[in-house]
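Chemist: what's the 3D shape of this:
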Amino acid sequence: MPKGDDSKVYIGRKKSMSYVMAAMVVLNDKPVTLLARGRSISRAVDVAEILINKFISGSSYGEIKIDTETITNTDGTNSNVSSIEIEILPPKR
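Modeler: Presented below is the predicted three-dimensional model:
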């Protein structure tokens, strides 16, 4: 596994609190990156806000990247899928 992969949380269809708990485990030691695509982007933003405002006081946003990928469907047509990466920094000690 490449270095740094354990600090990423991929956001999908589970409830937001599942991802909050997963991110909190990582965030105790080092920054965590939330990654989401398509309809999961709003859930990633929710998870980030819950982490920063409710659970880990003093944590802050790091780098935020947005992107659009072109994906070829099974019928040969292309679709654009948006993605986001949200870095959350642990509290300064």
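Chemist: and the strands in the protein?
Modeler: 8-10, 32-37, 60-72, 78-89 (DSSP state E).
Chemist: can you tell me which of those is most buried?
Modeler: strand 32-37 (a mean of 22; mean count of other Cβ atoms under 10 Å). C-betas here are computed from N, CA, C, even on glycine.
Chemist: give me the mean pLDDT for that one.
Modeler: Averaged over strand 32-37, pLDDT sits at 95.
Chemist: ok, back up a step: let's have the strands of the chain in a markdown table, adding distance to V47.
Modeler: As requested, those are exported to a markdown table (distance: least, Cβ to Cβ, whole Å):
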| stretch | distance to V47 |
| --- | --- |
| strand 8-10 | 8 |
| strand 32-37 | 6 |
| strand 60-72 | 12 |
| strand 78-89 | 8 |
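Chemist: out of the ones you listed, nearest to A22?
Modeler: The closest of these to A22 is strand 8-10. By Cβ to Cβ, the value is 5.1 Å.
Chemist: rewinding a little: so for A48, which of the strands of the chain sits nearest?
Modeler: Going by Cβ to Cβ, the one of the strands of the chain nearest A48 is strand 78-89, 4.9 Å.
Chemist: what is the closest one packed up against?
Modeler: Packing partners of strand 78-89 (3 or more Cβ pairs under 8 Å, 6 or more residues apart in numbering; DSSP states H and E): strand 32-37, helix 41-50, strand 60-72.
Chemist: which other helices and strands contact the worst-scoring helix or strand of the chain on mean pLDDT?
Modeler: Lowest mean confidence among the helices and strands of the chain (mean pLDDT, DSSP states H and E): helix 16-27, at a mean of 91. Of the remaining helices and strands, those touching helix 16-27 by 3+ Cβ pairs under 8 Å, 6+ apart are strand 8-10, strand 32-37, helix 41-50.
Chemist: dump the helices and strands packed on strand 78-89 to CSV, plus distance to S82.
Modeler: Converted to CSV, the helices and strands packed on strand 78-89 look like this (distance: least, Cβ to Cβ, whole Å):
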stretch, distance to S82
strand 32-37, 7
helix 41-50, 6
strand 60-72, 5
